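Chemist: 3D, please:
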Amino acid sequence: MALGFSGAGIGNLTALEPYRPAFIGGARVALFLAYRRIYCPVAASERGEVCAAPQARSAYKMIFWGVAALAGAAVAFPYILPLFN
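Modeler: Purely as a prediction, here's the structure:
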């Protein structure tokens, strides 16, 4: 319940709106670095590391694309919202 109330309060917080481009840029950089790390060649991974296991790599890829979709939806939300009024 506390997360719901705080989420509603943060949604109405417009003081951070001027920093929106910086947050979007930071998210893009983080996604780019995660993409490079996840899709690095298996040969670059040392034997025995978790990222070298095929099951872990496929799970990381699914999680990455899920997070990328959520980030894309969060970025597009203010532009799509007026279409529903």
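Chemist: only C-alpha atoms from now on, for both contacts and neighbour counts.
Modeler: Fine.
Chemist: can you spell out which helices and strands pack onto the longest helix seen in the chain?
Modeler: Longest helix in the chain by number of residues (criterion: DSSP state H): helix 54-80. Applying 3 or more C-alpha pairs under 8 Å, 6 or more residues apart in numbering; DSSP states H and E, we find helix 54-80 packed against helix 20-38.
Chemist: any low-confidence regions in the chain?
Modeler: Scanning the chain for pLDDT under 70 picks out 1-13, 42-53.
Chemist: re earlier: now do the buried residues in the longest helix of the chain.
Modeler: Buried residues in helix 54-80, counted by 16 or more other C-alpha atoms under 10 Å: 57, 60-61, 64, 68, 71, 75.
Chemist: same deal with stretch 22-32?
Modeler: By neighbour count on 16+ other C-alpha under 10 Å, the buried set for stretch 22-32 is 27, 31.
Chemist: contact partners of that stretch?
Modeler: 68, 71, 75 (C-alpha atoms under 8 Å, 6 or more residues apart in numbering).
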